[in-house]
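J.: I'd like to go over a predicted model; first the sequence, then the structure.
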Amino acid sequence: MTVGNKYRAVHARSLSDPEGFWAEQAASIDWSKRWDKVLDGTNPPFYRWFAGGELNACHNALDRHVDGGRAEQVALIYDSPLTDTKKKFTYRELRDQVARIAGMIAAQGVGKGDRVILYMPMIPEAVMGMLACARLGAIHSVVFGGFAAKELSSRIDDCAPKLILTASCGIEPTRIVHYKPLVDQAIEQAKHKVPRVVLLQRSQSAATMVPGRDLDWNEALAKAQPAACVPVKATDPLYILYTSGTTGQPKGVVRDTGGYCVALSWSMKNLYGVEPGEVYWCASDVGWVVGHSYIVYGPLIHGATTILYEGKPVGTPDAGAFWRVISEHKAMALFTAPTAFRAIKREDPDGKLLKNYDLSKFRTLFLAGERGDPPTVEWAQKLLGVPVVDHWWQTETGWAICGNFQGLEPMPVKLGSTSVPSPGWHLDVLDENGHPMKPGEVGALAGKLPLPPGTFPTLWNADERYRQSYMSEFPGYYKTGDAGFIDEDGYVSVMTRVDDVINVAGHRLSTGQIEEVLGAHNDVAECAVIGIADELKGQVPLGFLVLKAGVNRPPQEITAEVVQMVRDRIGPVAFFKSALVVQRLPKTRSGKILRGTMQKMADSQPWTLPATIEDPAVLDEIKDGLKTAGFANK
């Protein structure tokens, strides 16, 4: 299987002549002042792209399209099965609303470089609030709506916002999540005192206002004057996005403005294959990096139509929800997490609901967030009859590290692989001593510095932590924290987090490799594998299986079959002897399975409730299952 010549030439040039390559890509966006230097490498590992240049991200996402002939094109489609609401905003309407909201924010004393926290549900005002901050040159930090007060307070203390934009509630299929009490508690707990909160009252739940501090969104907006775009330096932060730190102190990933706009513009056409004017859907949340890049900034900078979906893959109302949205809005691509497709597969294993919808405009499915396990990818390929592209990226990187570049040169899909590196990424697989490994060997995936535009230049107020966390273990490289291998064709397979490579009697095994086998069983909808402590072997793998809807066979039959499958496909070296059938797997809101927490529970180690967990009750179910099976004794 060969890597395409066109891709190979583009990627090679991005490494041999990064300044020339990225300067050409930068011509696709508007600059108020041209850069002095494409890449400033005077202070490694703190590289800066387009130093001396000035621009505004909101202008590039909205105003230039209004001025350039797209004023009446739909920019944003809001589709909320949870509230039975649908709205469309043209580029002109969105620009005008954002300018007014920017005026409302400016009236609270917020200017260039000030921070604003958004704690919002998936509603148009969340997108508008982000863009309004960018319009003023203020730095936004979106905290996922419903995050615990303690987590929100730590983010308040870290970035010291002048303003919080929030709504009275978020809506889940089975409950209303009251946001305002969590905001009030967080402000009370924080050392930094937030002077102003602007509250959007949703009809599903009214919230109490704090006199002197809180403003009603609609009343404040009615008084506001539209604000103009404020140019900022290309190297100035556009936003801060927090990712959980191992110390309990959140890590504020900083995103620069210029490099990010350039990278997103390039990726919309070349990775996702989207043309301006087409409808593109990223089924994520604005609280995650994927939502920042591909619900908000990427599609709008590119002049596409983006879908904002307030719903779930199943239960709003059924497992055909995604097909309905694609069909109704004529989306040409969907970008979502593999966990969403595993949920659909579990509820509707034969894909019968798809027959009710017209997906004739649909060209590509993109997956990221968790590993695209081959059984799920194969199921989606067979059902949809379009390329299913698993691609790899992280909060820190802002866009894809690896992918299959549909608009540049589509390449064959290799099941289990995230295909090939993006421009600017020189990836190596390193052993514990930092030495490159052979093709096919599993080790630590690391990116040679400098990283391409769009990736994080540092952490908020934490340069030394940036250096220690990411750049010190392998000098000259960015440590991704992911483990995997690169094959002889140059295709990259991300198997697991480095922490999830288990050592069974001296043999290093990837939990992802075992999960691939378990997921291939006909009755298994999704699965997870962890390594648990063993006196003799060091670690042994333990599997968790979630079965498809309608499977009525005895669990012990299924577990015996998957044990045999692992023995047949990986061999006795895996020492895979145990699997538990569970109702659900514990996940973060972005769909990542909490393997580390499950492993601590199985080993009876102390563990804390992860801040990002979607449903804490699932951990109780896992704990009970482990106890019943004799694994956890506490």
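T.: Nice, thanks for sending it over.
J.: Low-confidence ranges, this protein, go.
T.: Residue ranges of the chain with pLDDT under 70: 1-2, 244-248, 505-508, 632-634.
J.: Spell out for me which residue occupies the centre of it.
T.: residue 290 (3.7 Å; C-alpha atoms, centre = their mean).
J.: what about that residue, which SS state?
T.: Assigned by DSSP: H, G, I helix; E, B strand; the rest coil, the conformation of residue 290 is helix.
J.: Do I have it right that it meets residue 335?
T.: Yes. Taking contacts as C-beta atoms under 8 Å, residue 290 lies within contact range of residue 335: 7.1 Å. Where C-beta positions appear, they are placed from N, C-alpha and C, glycine not excepted.
J.: other SSEs contacting the helix or strand hosting residue 512?
T.: Counting by DSSP states H and E, the element that carries residue 512 is helix 511-519. With contacts taken as 3 or more C-beta pairs under 8 Å, 6 or more residues apart in numbering; DSSP states H and E, helix 511-519 sits against helix 374-384, strand 492-497, strand 524-534, strand 538-547, helix 555-569.
J.: relative orientation of the shortest one and helix 511-519 in degrees?
T.: Computed by axes from the mean of the first three to the mean of the last three C-alpha atoms, to 10 degrees, the angle separating strand 492-497 from helix 511-519 equals 90 degrees.
J.: Can you name the residues in contact with strand 492-497?
T.: If you take C-beta atoms under 8 Å, 6 or more residues apart in numbering as the criterion, strand 492-497 is touched by 371, 392, 402, 414, 416-421, 427, 442, 445, 481-487, 501, 510-513, 595.
J.: What subset of those residues is buried?
T.: Taking 16 or more other C-beta atoms under 10 Å as the criterion, what is buried in those is 371, 392, 402, 414, 416-421, 427, 442, 445, 481-486, 501, 510-513, 595.
J.: Just the ones in strands from these, please.
T.: For the buried ones among the contacts of strand 492-497, membership in strands holds for 402, 420-421, 427, 445, 481-486, 501, 510, with DSSP state E as the criterion.
J.: Farthest pair within these?
T.: 420 and 501 (22.7 Å; C-beta to C-beta).
J.: Might you report the residue contacts of residue 466?
T.: Residue 466 makes contact with 45, 46, 456, 458, 459, according to C-beta under 8 Å, 6+ apart.
J.: returning to what we had before: nearest to residue 118 among the ones in strands among the buried ones among the contacts of strand 492-497?
T.: Closest approach to residue 118 among those (C-beta to C-beta): residue 481, at 26.9 Å.
J.: what about stretch 53-66, distance to the chain center?
T.: Stretch 53-66 has its C-alpha centroid displaced from the chain centroid by 24 Å (C-alpha atoms, centre = their mean, to the nearest Å).
J.: same thing with stretch 611-624?
T.: 21 Å.
J.: how long is it end to end?
T.: Stretch 611-624 has an end-to-end distance of 21 Å (criterion: C-alpha to C-alpha, to the nearest Å).
J.: mind listing what's buried in that stretch?
T.: Applying a neighbour-count criterion of 16+ other C-beta under 10 Å, one finds 611, 612, 613, 614, 618, 619, 622, 623 buried in stretch 611-624.
J.: With stretch 40-58 instead?
T.: Buried residues in stretch 40-58 (16+ other C-beta under 10 Å): 40, 45, 47-58.
J.: just checking, which of the contacts of residue 466 belong to strands?
T.: Short answer: the contacts of residue 466 have none in strands (DSSP E).
J.: nearest to residue 527, of the buried residues of stretch 611-624?
T.: Out of the buried residues of stretch 611-624, the member with the shortest distance to residue 527 (by C-beta to C-beta) is residue 622, at 13.2 Å.
J.: what about that closest one, distance to residue 196?
T.: 42 Å (C-beta to C-beta, to the nearest Å).
J.: try residue 189
T.: Counting by C-beta to C-beta - residue 189 and residue 196 are separated by 18 Å.
J.: So between these two, which is more surrounded?
T.: Ranked by neighbour count (other C-beta atoms under 10 Å), residue 189 and residue 196 place residue 196 first, with 20 against 14.
J.: That one and residue 166 touch, don't they?
T.: No. Taking contacts as C-beta under 8 Å, residue 196 lies outside contact range of residue 166: 11.2 Å.
J.: May I see the buried residues of stretch 40-58 arranged in JSON lines, with distance to residue 575 as well?
T.: As requested, the buried residues of stretch 40-58 are exported to JSON lines (distance: C-beta to C-beta, whole Å):
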{"residue": "40", "distance to residue 575": "51"}
{"residue": "45", "distance to residue 575": "40"}
{"residue": "47", "distance to residue 575": "44"}
{"residue": "48", "distance to residue 575": "49"}
{"residue": "49", "distance to residue 575": "47"}
{"residue": "50", "distance to residue 575": "52"}
{"residue": "51", "distance to residue 575": "53"}
{"residue": "52", "distance to residue 575": "58"}
{"residue": "53", "distance to residue 575": "56"}
{"residue": "54", "distance to residue 575": "59"}
{"residue": "55", "distance to residue 575": "56"}
{"residue": "56", "distance to residue 575": "57"}
{"residue": "57", "distance to residue 575": "52"}
{"residue": "58", "distance to residue 575": "55"}
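J.: Find the pair from the residues you listed with maximum spatial separation.
T.: Maximum pairwise distance among these (C-beta to C-beta): 29.6 Å, between 45 and 58.
J.: Please list the residues outside stretch 428-435 that contact it.
T.: Contacts of stretch 428-435 (C-beta under 8 Å, 6+ apart): 436-437, 441-446, 448, 473-475, 477, 484-486.
J.: Now do the end-to-end distance for it.
T.: 9 Å.
J.: and the chain, what are its domains?
T.: As recorded under automatic domain parsing, the domains making up the chain are 5-311+391-485, 505-628.
J.: hang on, the earlier thing: could you check the distance from the residue nearest to the centre of the chain over to residue 296?
T.: Counting by C-beta to C-beta - residue 290 and residue 296 are separated by 10 Å.
J.: Which positions in whichever strand or helix holds residue 134 come out as buried?
T.: Assigned by DSSP H and E, residue 134 belongs to helix 124-136. By neighbour count with 16+ other C-beta under 10 Å, helix 124-136 contains the buried residues 124-136.
J.: Select, out of the domains of the chain, the one closest to residue 328.
T.: Of all the domains of the chain, domain 5-311+391-485 comes closest under C-beta to C-beta, at 7.7 Å.
J.: quick revisit: could you point out which of the contacts of residue 466 is nearest to residue 570?
T.: For these, the nearest to residue 570 is residue 456 (36.2 Å; C-beta to C-beta).
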